[in-house]
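Undergrad: What follows is a predicted protein model with its sequence.
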Amino acid sequence: MPLKIIRNDITKVKADAIVNAANPNVTIGSGVDATIYKAAGKDALLLERKKIGVMHPGEVAETPAFNLHAKYIIHAIGPVWKGGTSGEVDTVAQCYRKSLEKAKELECESIAFPLLASGTYGFPKDIALKTAISEISGFLFNHDMTVYLVVYDKESFEVSGTAFNDISSVIKEEDIVEPLFHRREIRYGNKKSEILHAKELSFGSTLSSADLFKVDMAYTESEEEALDEDIKDIIRAKEETFQEHLFRLIDRKGLEDKDVYKKANIDRKHFSKIRGNVNYNPSKRTALALAVALELNLDETKDLLLRAGIALSKSNIFDLIVEYCIDHKIFDIYEINCILFKYDQQTLGA
């Protein structure tokens, strides 16, 4: 998946590059910086850090990763929060951009970020999150790389805005009782009654057990014939598969494959798998991600999902959140994923 938000200790994450919220001076700081030095090996890492020298806010530089599950540590210098009037947002955005460019330069296929400057530097967590998502998503639209945004605990992750507040209200107040499917029923009771009535008239009296057996056999044959015809009708009326319908929608909207899989937070290989298999069966997360990428309305989304045997439920928090976002035309998959993550739900994408 191109962007994955995970809750973990960043020193435990396996990625080609780990980004460190570094101290500008050649010394071991606190928070993420101290944790990374300890896990990587303090002495060896500090020796490499001395070769870089003093750094300034917005600058990045790489060192080997030593004992981490990575090839490189990219040291990024975030700004101290001063109320937002001293260019802090631009500076932390620059940290993300330069770190991603450095990872590309180093031919990394994956990179893991903490939420930069949101710890001891006092950056508001909701602003830090929006800045991170904006810069990472912008980079991923033009480049292929797996990016992890690593959050240590729930207190480190804040989502704000009208959509988040409204969804909180919806989840608390929603009546969760709703049928998932309206199924077509095939009844044969009338056929059996007609057969039984005809037999009774012909015998002119109550039917014997042998006669009843004949009636049951006639009913069974009639039932099977009717069922067979219904199944043939269903097969003849077979609609497009999920895959066929998906690519017809893409063509109708005049989109390129890249436009869709990037907006859906799906990697190119997975999307190629979808295109190559007419009977592709998606997970709900993937199907909804594609619906969001195509900016389908709620009815169109439900139609696309039903072609894969998937339905939305009022009893499921994941479904409630995504349905709210689609219904309110929130089609930024990263914004949706932040809300899902906050509620401990799986995020959209492959």
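TA: On my side now, so go ahead. Keep in mind the model is a prediction, meaning the values are calculated, not measured.

Undergrad: contacting residues around whichever strand or helix holds residue 20?
TA: Using DSSP states H and E, residue 20 falls within strand 17-21. Residues from elsewhere that reach strand 17-21, judged by Cβ atoms under 8 Å, 6 or more residues apart in numbering: 10-11, 31-33, 36, 62, 65, 68, 70-76, 78, 99, 102-103, 106, 108, 110-114, 116-117, 119, 121. C-beta coordinates here come from the backbone N, C-alpha and C atoms, glycine included.

Undergrad: By mean pLDDT, point me to the weakest helix or strand of the protein.
TA: Counting by mean pLDDT, DSSP states H and E, the chain has its least confident helix or strand at helix 189-203, which shows a mean of 46.

Undergrad: okay, now residue 345: neighbour count?
TA: Counted with other Cβ atoms under 10 Å, residues neighbouring residue 345 total 18.

Undergrad: ok, the residue nearest in space to the middle of the chain - contacts?
TA: Nearest to the mean C-alpha position of the chain, by Cα atoms, centre = their mean, lies residue 348 at 1.0 Å. Neighbour list for residue 348: 264, 265, 285, 286, 288, 289, 292, 322, 333, 336, 337, 340 [criterion: Cβ under 8 Å, 6+ apart].

Undergrad: With residue 135 instead?
TA: 93, 96, 97, 100.

Undergrad: Residue 331 too?
TA: Applying Cβ under 8 Å, 6+ apart, the residues contacting residue 331 are 263, 292, 293, 295, 325.

Undergrad: want to throw the contacts of residue 348 into CSV with neighbour count?
TA: Shown next, in CSV, are the contacts of residue 348 (neighbours: other Cβ atoms under 10 Å):
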residue, neighbour count
264, 24
265, 26
285, 21
286, 23
288, 28
289, 27
292, 24
322, 26
333, 25
336, 24
337, 26
340, 23
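
Undergrad: Looking at those residues, spot the one nearest residue 5.
TA: Proximity of the contacts of residue 348 to residue 5 (Cβ to Cβ) peaks at residue 337, which lies at 6.2 Å.

Undergrad: name the helices or strands packed onto the helix or strand hosting that closest one?
TA: For residue 337, the host element (DSSP H and E) is helix 333-342. When contacts are defined as 3 or more Cβ pairs under 8 Å, 6 or more residues apart in numbering; DSSP states H and E, helix 333-342 packs onto strand 3-7, helix 125-140, helix 162-173, helix 284-293, helix 317-327.

Undergrad: same question for the third one, mean pLDDT?
TA: The reference is to helix 162-173. Mean pLDDT, helix 162-173: 65.

Undergrad: what comes into contact with the helix holding residue 337?
TA: Under Cβ under 8 Å, 6+ apart, the answer for helix 333-342 is 3, 5, 129, 133, 136-137, 151, 157, 159, 163-164, 167, 263-265, 289, 292-293, 318, 321-322, 325, 330, 346-349.

Undergrad: So how do I select the buried members of these in PyMOL?
TA: Remark: buried members of the contacts of helix 333-342, expressed as a PyMOL selection using 16 or more other Cβ atoms under 10 Å:
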select buried, resi 3+5+129+133+136+137+151+157+159+163+164+167+263+264+265+289+292+293+318+321+322+325+330+347+348+349
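
Undergrad: how about the helices and strands packed on helix 333-342, which one is nearest residue 245?
TA: With Cβ to Cβ as the criterion, residue 245 lies closest to helix 284-293 of these, at 10.5 Å.

Undergrad: Next, the angle from the closest one to helix 317-327.
TA: Helix 284-293 and helix 317-327 meet at an angle of 10 degrees, taking axes from the mean of the first three to the mean of the last three Cα atoms, to 10 degrees as the criterion.

Undergrad: Pass me the low-pLDDT residue ranges in the stretch 251-350 of the chain, would you?
TA: Applying pLDDT under 70 to the stretch 251-350 of the chain flags the ranges 350.
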